[in-house]
Structure formats: C-alpha cells, structure tokens
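Peer 1: The amino acid sequence is not available; the structure is as follows:
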C-alpha cells in the first residue's frame, strides 16, 4: 500500500488558502483517479483505490497543519509500511515560485511546521515530499504565516491549474517506482 498525504488545515475558512495546496492536490488526484469520496478515519479523511495496479490510500489530516504527523498513526501501525518508499507528502512551499514544484526523496522540513510534525511522527526526514510552489513572498511582506494563510490570488490559481497535469504525472511516476 502506498500513501499520499496532502497537508493543509481543515475547515472552510482555510479551503482556498495557499497553505492548503496539499489538500488541493490530494482532491485533484482523487478526482483524476476516480476514487470514492473521502471518509472519516483516524485523525484524517481518507479514500483508497488502485492506480496502475498499485493500491493507494490518499489522506487529508483533520488536525491543524502543525499536528499533521498525528494522521500517520494508522500507517505507522502497519509493520510493512516503509515511509522512505511508501509515503508521499504533498505540501505548500512559499520559497518555491508559484507555478513550479519540487519532488524529493528526503530532506529537511525547511521550517515548514507540517513537515516538522511529519518528521517528528516518523522520527526521520527520510520520506518523499512534493513541494508545491506558492511563493515568493511579495515585496514588503515579512510575515510568511499571514501570507500562506491568505487565499491564492487569481494569477496563482491559473498557475496551479496549469501545473495540475504535471503534478498528477509526477505523483503517478512516484507510484510506479519500486
């Protein structure tokens, strides 16, 4: 079983914010793959299906972003689950320009509190993450938390929609590995 976990903050007040780019991509993947609707699970909403013969579970934590790692408890309970090969985290990154993304097999949290929580839960930075660009911070803005908790501007929405096919392809390529 492979797990794709989109990070974000639950609740309608956060739905259109930059910090919920991970939720946005999780929803896009589920729609693209024709998975059933998300349902309640342990500290996450989840759905499951198969992609090219690979069993996949998609999760969206129901905790705040800063406690995202708690949603991984059900995955960690499976002794065959290896985060280094079976887990992909989808997350926003204001240090990457909007309309771009970066997929890496491991790395640091880069100061991102959602990734810090995931690393704390896994006790390791060795897990793949797909960082979705929501930056850069506009000139004169120094409060990154205010920026990521604000809605996307129309240009960024267009950039995300244009990037969606590449993001889906990147996730599907990751699924086919190993």
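Peer 2: Cool, got the structure. All figures in this text were calculated on a predicted structure; none of them were measured in a lab. Residues are numbered from 1 along each chain as shown.

Peer 1: Helix, strand or coil: sort out residue 124 for me.
Peer 2: When classified by DSSP: H, G, I helix; E, B strand; the rest coil, residue 124 comes out as coil.

Peer 1: Can you give me the distance of it to residue 118?
Peer 2: Applying Cβ to Cβ, to the nearest Å, the value for residue 124 to residue 118 is 10 Å. Backbone N, C-alpha and C define where each C-beta goes, glycine included.

Peer 1: ok, the residue nearest in space to the middle of the chain to residue 142 distance?
Peer 2: Centroid check for the chain by Cα atoms, centre = their mean gives residue 90 as the closest residue, at 1.9 Å. As judged by Cβ to Cβ, residue 90 and residue 142 stand 26 Å apart.

Peer 1: so where's the chain uncertain?
Peer 2: The chain contains residues with pLDDT under 70 at 178.

Peer 1: in it, which spans are helices?
Peer 2: Under the criterion DSSP state H, helices of the chain are mapped to 21-33, 73-76, 83-86, 113-122, 144-148, 154-176.

Peer 1: and the fourth one, what does it pack onto?
Peer 2: For helix 113-122, the helices and strands in contact under the criterion 3 or more Cβ pairs under 8 Å, 6 or more residues apart in numbering; DSSP states H and E are helix 73-76, strand 87-97.

Peer 1: now do the fifth one
Peer 2: The contact analysis (3+ Cβ pairs under 8 Å, 6+ apart) places helix 144-148 against strand 87-97.

Peer 1: Any idea how many residues pack against residue 40?
Peer 2: Neighbourhood size, residue 40 [other Cβ atoms under 10 Å]: 9.

Peer 1: returning to that earlier point: among the helices and strands packed on helix 113-122, which is nearest residue 13?
Peer 2: Distance to residue 13, taken as Cβ to Cβ, is lowest for strand 87-97 among the helices and strands packed on helix 113-122, at 16.3 Å.

Peer 1: Now find how far off-centre the closest one is within its chain.
Peer 2: A distance of 7 Å separates the centroid of the chain from that of strand 87-97, by Cα atoms, centre = their mean, to the nearest Å.

Peer 1: What strands flank it, and is each parallel or antiparallel?
Peer 2: For strand 87-97, the paired strands and their directions (DSSP bridges) are strand 2-6 (parallel), strand 129-135 (parallel).
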